[in-house]
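In: based on what follows, work out the 3D shape:
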Amino acid sequence: MNDPHQPWERLTRAARQVSDPRDASAPYGFATRVVAQALAARSMARSGALFEQFALRGLFAAGALSLAAAAFGFSAIIEERAYTELYGDTVAEVLAES
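Out: Here you go, the predicted model:
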């Protein structure tokens, strides 16, 4: 009877004997390319941060304007409601005018 581990041992022995003929060094200009890409990414990050800063300022300005518009609209609604409640009541109109 054959040993079940025999094929595995043959494969591992053959794998140990194989060598990699490829060169393990980096290609010419690789370091220069990496540094150039890193500097380009950093400059892009700065412009992105600048855009984010202006976007946040715009968001805060839009929020402040929205709150101001809602406050003025709410005060106009309150004044209109008070006017319509007094409209038609002669005594209330005379007292409001004096």
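
In: and the longest helix for this protein?
Out: Assignment by DSSP state H gives helix 30-86 as the longest helix of the chain.

In: where in this protein is pLDDT low?
Out: The model of the chain has pLDDT under 70 over residues 1-2, 4-5, 43-48, 80-89.

In: tell me the centre residue of it?
Out: Geometric centre of the chain, nearest residue: residue 52, 8.8 Å, by CA atoms, centre = their mean.

In: what comes up buried for the helix or strand that the longest helix of the chain is followed by?
Out: Going down the chain from helix 30-86, the next helix or strand is helix 90-97, by DSSP states H and E. Across helix 90-97, burial judged by 16 or more other CB atoms under 10 Å covers no residue at all. No exception for glycine: its C-beta is placed from N, CA and C like everyone else's.

In: and helix 90-97, what does it pack against?
Out: helix 30-86 (3 or more CB pairs under 8 Å, 6 or more residues apart in numbering; DSSP states H and E).

In: the helix it packs on vs helix 90-97, what angle?
Out: Per axes from the mean of the first three to the mean of the last three CA atoms, to 10 degrees, the angle that helix 30-86 makes with helix 90-97 is 120 degrees.

In: tell me the helices and strands packed up against helix 30-86.
Out: For helix 30-86, the elements it packs on are helix 90-97, judged by 3+ CB pairs under 8 Å, 6+ apart.

In: any idea how far residue 78 is from residue 91?
Out: 22 Å (CB to CB, to the nearest Å).

In: apologies, that question was intended for residue 59.
Out: 29 Å.

In: same question, residue 66
Out: From residue 66 to residue 78 the distance is 19 Å (CB to CB).

In: just residue 40 next, same as before
Out: 57 Å.

In: equivalent analysis for residue 70, please.
Out: On the measure of CB to CB, residue 70 and residue 78 end up 12 Å apart.

In: kindly report the same for residue 90.
Out: Counting by CB to CB, the gap from residue 90 to residue 78 is 23 Å.

In: and residue 7, by the same measure?
Out: 90 Å.

In: ok, residue 3 - how many residues close by?
Out: 8 (other CB atoms under 10 Å).
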